[in-house]
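Undergrad: I need the structure of the sequence given here:
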Amino acid sequence: MDYKKIFERFEDQNTFIKTTKKPLVNGSQKAALNRKGNILFNSGDIEGAKRVFLTTGYSDGLSRIGDAYKAQNRYMDALTMYRIAPDPNKFEAMLMQVSAVIQKLIHEEGDPSNE
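TA: From the prediction side, this is the model:
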C-alpha cells in the first residue's frame, strides 16, 4: 500500500500525521530548533513554530501555540495543542469550555420555544 499517495490528498489541509517514532535529534540540535521555533513564534509564524515544536516535542512551545489558537478563537486546535503538549490544566479548562458550549447547543436544539 502506497501511504504517500493516500496522504497526498491532505497536504493542503495543514495537518500532520502522528507517528510513534521520535526523530533522532540530539540535545544541542533540539535547543537550536527550539530557538528557531521561538523566533518563528515571536515573528507571528505560528504554523512554522508549530512544526518545529511538534518535531522537538517542546511542551512549553506547544502550549503557547495552543494559547495563540485560543486567542484566534480556534478552540479545537487549541485543545489539540494542549493535549499534545501535554498541559493538563489548560486542556481541562478548555475542555470544560467546549463542553459547556456543546451542552448549550444541545439544550437549545431540543427546546421547542427556540423555533
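
Undergrad: Point me to the helix or strand that includes the residue nearest to the spatial centre of the chain.
TA: The centroid of the chain falls nearest to M81 when counting by CA atoms, centre = their mean (3.0 Å). In this assignment (DSSP states H and E), M81 forms part of helix 75-84.

Undergrad: mind listing what the closest residue to D67 other than its chain neighbours touches?
TA: Spatial nearest neighbour of D67, excluding adjacent residues (CB to CB, 6 or more residues apart in numbering): A78 at 7.3 Å. In short, each C-beta sits where N, CA and C put it, glycine included. A78 makes contact with G66, D67, Y69, K70, M94, according to CB atoms under 8 Å, 6 or more residues apart in numbering.

Undergrad: Run through the helices of the protein in chain order.
TA: With helices called from DSSP state H, the chain shows them at 3-8, 27-42, 46-56, 59-71, 75-84, 88-110.

Undergrad: Now render these as TSV, adding mean pLDDT.
TA: Formatted as TSV, the helices of the chain follow (pLDDT from 0 to 100):
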stretch	mean pLDDT
helix 3-8	64
helix 27-42	95
helix 46-56	95
helix 59-71	97
helix 75-84	94
helix 88-110	91
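
Undergrad: Would you check how far apart I102 and S63 are?
TA: To S63, I102 is 23 Å away according to CB to CB, to the nearest Å.

Undergrad: ok, those two, which is more surrounded?
TA: S63 (21 against 10; other CB atoms under 10 Å).

Undergrad: My guess is G61 contacts F41. True?
TA: Yes. Contact status for G61 versus F41: in contact at 6.9 Å, counting by CB atoms under 8 Å.
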